[in-house]
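**Q** whatever this is, show me its structure:
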Amino acid sequence: MGSRTSFRMSVFCFTVVAFSGWANPVYGQKQTALNPLSPTIPAKSAPSPAASSDTHPLAADDLAAFSDSILPFQLKQENIAGAVIIVVKDGKILFQKGYGYADVAKKTPVTPDGTLFRPGSISKLFTWTAVMQLVEQGKLDLDRDINDYLDFKIPATYPQPITLRNLMTHTPGFEEAIKDLIVTNGSMMIPLQQYLSTHMPQRVYAPGTTPAYSNYGATLAGYIVQRVSGMPFDEYVEKDIFAPLGMSNTTFQQPLPPQLQPLMSNGYALATSKSKPYEFVVPAPAGSSATSAVNISHFMIAHLQNGEYDGARILKPETVALMHSAQYGANPNLPKMALGFYEETRNGHRIIGHGGDTEYFHSDLHLILDANVGFFISYNSAGRHVTDARGVLFDMFMDRYFPYMIPPPQKPADSAGDAKLVAGEYISSRRPVTNILSFLGFLSNAKVTPAEDGTITIDSFKGMSDLPITWEEIGPLLYREKDGQHLVGFTRDGDNRLVLAMNYPFMIWTKVSLADNKTFNIFLFGFTFAVCLLTLAIWPISAWFRKHYKHPIVLTRSQGRLRLAIRMVAAIDLIFILCWLVLVMSAGSVDIFTSSFDPTLRVIQIVGWLGSLGTLLVLYAVIKTWSAAGEWWLSHLGNMSMAAAALSFSWFLLHWHLLHFSLMY
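**A** Numbers count the residues shown, from 1 in each chain. As a prediction, the model looks like this:
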């Protein structure tokens with residue numbers, strides 16, 4: 001998606017990624033995060049060819065040679081079980097082929113028409129199309145308060161109401177919602193209304209002001225379709241989209257209907273590992289569909305042919321034109337959100353599309369509008385992430401069939417000054433902001449570093465060498481990757497803070513203060529951990545030295561208890577830290593952050609509350625034991641360090657809402 005030069009960065013599918021080694025981006029290049037229903041964002045970028053005069057014909061035989069030369073190698077290199085690719089042009093399937101296995105143990109081959117894949121967030125395009133059908137019929141208004149369509153209320157946090165246009169451009173202003181996103185047990189599924197009313201994230205941005213990709217927002221849209229149409233969401237989409245388009249092997253139902261279950265590809269972490277259980281997406285309109293490549297080609301053709309496929313019309317031409325038109329962008333020089341689709345640029349073409357990920361399936365859909373071409377690729381394994389397989393593939397496809405000469409950069413006069421101006425750390429808009437997982441936010445901060453020649457690097461955006469990409473300024477605060485096409489740009493928000501945007505318009509990064517700085521927070525965390533650990537480790541060592549050198553410490557009974565209390569608080573703080581480290585290491589599992597995990601989280605929180613209250617006890621104990629006879633200066637230093645660590649611990653927990661009573665995240 002995008003220059004890609006395979007530039008798949010780590011953010012929250014966003015930011016959790018940083019925990020599980022996935023991060024980007026997110027949240028290594030592992031595409032399995034707490035929030036896998038993300039449009040994919042590149043983290044690896046390969047250099048683009050400067051130009052090519054050798055234009056290959058976009059024809060079935062050349063596509064077969066192209067695909068056969070790349071996909072088998074990718075499957076082997078990435079340890080991926082299977083993949084499917086399909087290309088459409090001028091209303092017809094031009095090329096289709098499956099590679100590898102849908103079931104490795106049974107050696108069942110992938111086929112374009114007979115194997116179902118999980119396209120993840122590409123499912124949202126069906127949801128947005130359903131919305132536009134009802135808009136077209138006059139049953140929905142893109143600019144009306146969505147509360148008018150709901151049987152529960154979105155709180156009026158801001159004067160502006162949330163509209164369907166906000167939902168479709170990912171600007172409703174919700175913080176990231178992670179809990180109960182994907183489960184592996186169908187018994188944990190709950191109805192849409194219950195999910196939406198009990199899992200409502202906080203509104204943290206005024207509607208229409210800040211892009212922050214939202215699965216919850218897409219699910220709201222699907223529920224509105226259900227409410228207004230008077231039929232369950234999956235039935236509406238089946239009747240009004242899948243049936244007219246002849247998509248008989250596509251469904252939102254979970255579990256799959258019996259007739260489709262034999263067609264479903266297994267999902268794998270690696271092709272050499274065991275297959276994984278079927279992934280149940282609780283907010284179904286955001287990503288629960290299963291489809292074959294041939295079926296989704298019908299959908300691509302309909303959007304490329306002004307809403308019509310094989311004589312069946314799902315949208316009027318003017319509705320399609322509106323849906324595909326640019327609607328919102330944080331930076332005027334960069335791609336924008338359309339209604340549900342997002343813009344991409346590659347080799348001089350305007351492309352709209354969407355990416356999608358579950359834990360194990362990873363897909364991309366691209367519509368090259370001016371060429372009347374659609375491209376879909378899906379893999380059934382997370383893989384090793386040596387490269388961004390789908391990004392590399394699409395880049396090579398574009399460079400082969402739509403070659404392009406990269407314009408030479410026009411360097412502004414004060415590029416060195418601009419580079420210094422934008423230097424610093426930036427935090428993603430797509431993150432938990434007010435809940436107990438808000439601390440994940442700073443872990444995916446992007447650090448901008450200036451160079452003397454006016455170029456910059458951004459540590460999170462890396463190339464194929466796994467080194468940060470160098471960006472050259474080509475306009476006022478607008479940068480292009482050196483020898484590539486991807487763009488990043490900087491603007492100011494309403495509070496005059498610098499904002500970093502990139503080719504993907506569904507999120508931004510805002511320059512942070514010291515409190516949200518990654519380096520600062522990691523230092524505090526490391527300092528607290530080290531001091532608590534040393535306080536406990538040195539305790540018996542100190543006792544041995546005192547006994548050995550006959551240097552007893554004389555304490556009153558009260559002082560003795562307080563001195564013990566310092567060690568107890570250190571132990572409590574350390575237990576809390578270790579618990580969260582274990583959770584972080586397990587963050588790639590969808591079973592961790594679900595409602596069933598609430599009792600464990602609450603116990604961990606109780607430990608945190610005790611540790612924070614213990615900070616007051618530590619401060620009191622340090623003062624009261626200061627005058628103890630026989631106390632070494634090293635002991636005073638240790639006690640003072642523990643007091644500082646306890647204060648750091650409490651600040652960290654309060655600032656990042658880890659003690660928030662609500663377990664909705």
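**Q** domain ranges for this protein, per the record?
**A** As recorded under automatic domain parsing, the domains making up the chain are 415-516, 518-655.
**Q** average model confidence for the host helix or strand of residue 581?
**A** Using DSSP states H and E, residue 581 maps to helix 557-585. What helix 557-585 shows for mean pLDDT is 90.
**Q** next SSE after it?
**A** helix 598-624.
**Q** list the helices and strands that following helix packs on?
**A** Helices and strands touching helix 598-624, by 3 or more CB pairs under 8 Å, 6 or more residues apart in numbering; DSSP states H and E, are helix 557-585, helix 633-655. In short, each C-beta sits where N, CA and C put it, glycine included.
**Q** out of these, nearest to residue 203?
**A** Nearest of those to residue 203, taken as CB to CB: helix 633-655 at 20.3 Å.
**Q** quick check: buried residues in the closest one?
**A** Within helix 633-655, the residues that count as buried by 16 or more other CB atoms under 10 Å are 635, 638-639, 641-646, 648-653.
**Q** now residue 514: closest residue in space, sequence neighbours ignored.
**A** Among residues not flanking residue 514 along the chain, residue 520 sits closest, at 5.5 Å (CB to CB, 6 or more residues apart in numbering).
**Q** so where's this structure uncertain?
**A** Of all residues in the chain, those with pLDDT under 70 make up the ranges 1-36, 38-54, 541-555, 588-591, 627-634.
**Q** quick one: residue 196 and residue 173, what's the gap?
**A** Separation of residue 196 from residue 173 (CB to CB, to the nearest Å): 16 Å.
**Q** now do residue 476
**A** Applying CB to CB, the value for residue 476 to residue 173 is 28 Å.
**Q** repeat that for residue 415.
**A** Distance from residue 415 to residue 173, counting by CB to CB: 35 Å.
**Q** those two: which has the busier surroundings?
**A** Relative neighbour count places residue 173 above the other of residue 415 and residue 173, with 25 against 22, counting by other CB atoms under 10 Å.
**Q** secondary structure class for the residue nearest to residue 282 when sequence neighbours are not counted?
**A** The spatial neighbour of residue 282 that comes closest, neighbours along the chain excluded (CB to CB, 6+ apart), is residue 180 at 4.8 Å. Under the three-state scheme (DSSP: H, G, I helix; E, B strand; the rest coil), residue 180 adopts coil.
**Q** swap in residue 101?
**A** Classification of residue 101 by three-state DSSP places it in strand.
**Q** surely it meets residue 108?
**A** Yes. Counting by CB atoms under 8 Å, residue 101 does reach residue 108; the two are 6.0 Å apart.
**Q** out of the two, which sits in the more crowded spot?
**A** Using other CB under 10 Å, the more surrounded residue of residue 101 and residue 108 is residue 101, with 23 against 17.
**Q** who's in contact with the more buried one?
**A** Contacts for residue 101 were tallied using CB atoms under 8 Å, 6 or more residues apart in numbering; they are 81-82, 107-110, 271.
**Q** just the buried members of those residues?
**A** Neighbour-count burial (16+ other CB under 10 Å) is assigned, among those, to 81-82, 108, 110, 271.
**Q** if you look at those, which of them are in helices?
**A** Among these, no residue falls in helices (DSSP state H).
**Q** follow-up on the earlier one: mind checking which of the contacts of residue 101 are in strands?
**A** Applying DSSP state E to the contacts of residue 101, the entries found in strands are 82, 108-109.
**Q** distance to residue 442 for the residues you listed - can I get that in a markdown table?
**A** Formatted as a markdown table, those follow (distance: CB to CB, whole Å):
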| residue | distance to residue 442 |
| --- | --- |
| 82 | 37 |
| 108 | 44 |
| 109 | 45 |
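**Q** quick check, nearest of those to residue 357?
**A** Ranked by distance to residue 357 (CB to CB), the ones in strands among the contacts of residue 101 are led by residue 82 at 16.1 Å.
**Q** okay but that closest one is in contact with residue 75, surely?
**A** Yes. Using CB under 8 Å, residue 82 makes contact with residue 75 at a distance of 7.2 Å.
**Q** can you list residues touching both of the two?
**A** Common neighbours of residue 82 and residue 75 (CB under 8 Å, 6+ apart) are 99-100, 271.
**Q** quick check: longest helix of this structure.
**A** Ranked by residue count and defined by DSSP H, the top helix of the chain is helix 518-548.
**Q** what sits closest to residue 143 if chain neighbours are left out?
**A** residue 163 (5.0 Å).
**Q** and what of residue 608?
**A** In this structure, residue 608 finds its nearest non-sequential neighbour in residue 576, 4.8 Å apart by CB to CB, 6+ apart.
**Q** and that neighbour, how many neighbours?
**A** Residue crowding around residue 576 was assessed by other CB under 10 Å; the count is 24.
**Q** do the same with residue 609
**A** Residues lying near residue 609 (other CB under 10 Å) number 15.
**Q** and what of the one 5 residues further on?
**A** In terms of burial, residue 614 registers 22 neighbours under the definition other CB under 10 Å.
**Q** is it true that it touches residue 573?
**A** Yes. Using CB under 8 Å, residue 614 makes contact with residue 573 at a distance of 7.4 Å.
**Q** what's the overlap in contacts for those two?
**A** Shared contacts of residue 614 and residue 573 (CB under 8 Å, 6+ apart): residue 646.
**Q** from residue 149, how far out is the closest residue to residue 559 other than its chain neighbours?
**A** Closest residue in space to residue 559, ignoring its immediate chain neighbours: residue 625 at 4.9 Å, by CB to CB, 6+ apart. Residue 625 sits 63 Å away from residue 149, going by CB to CB.
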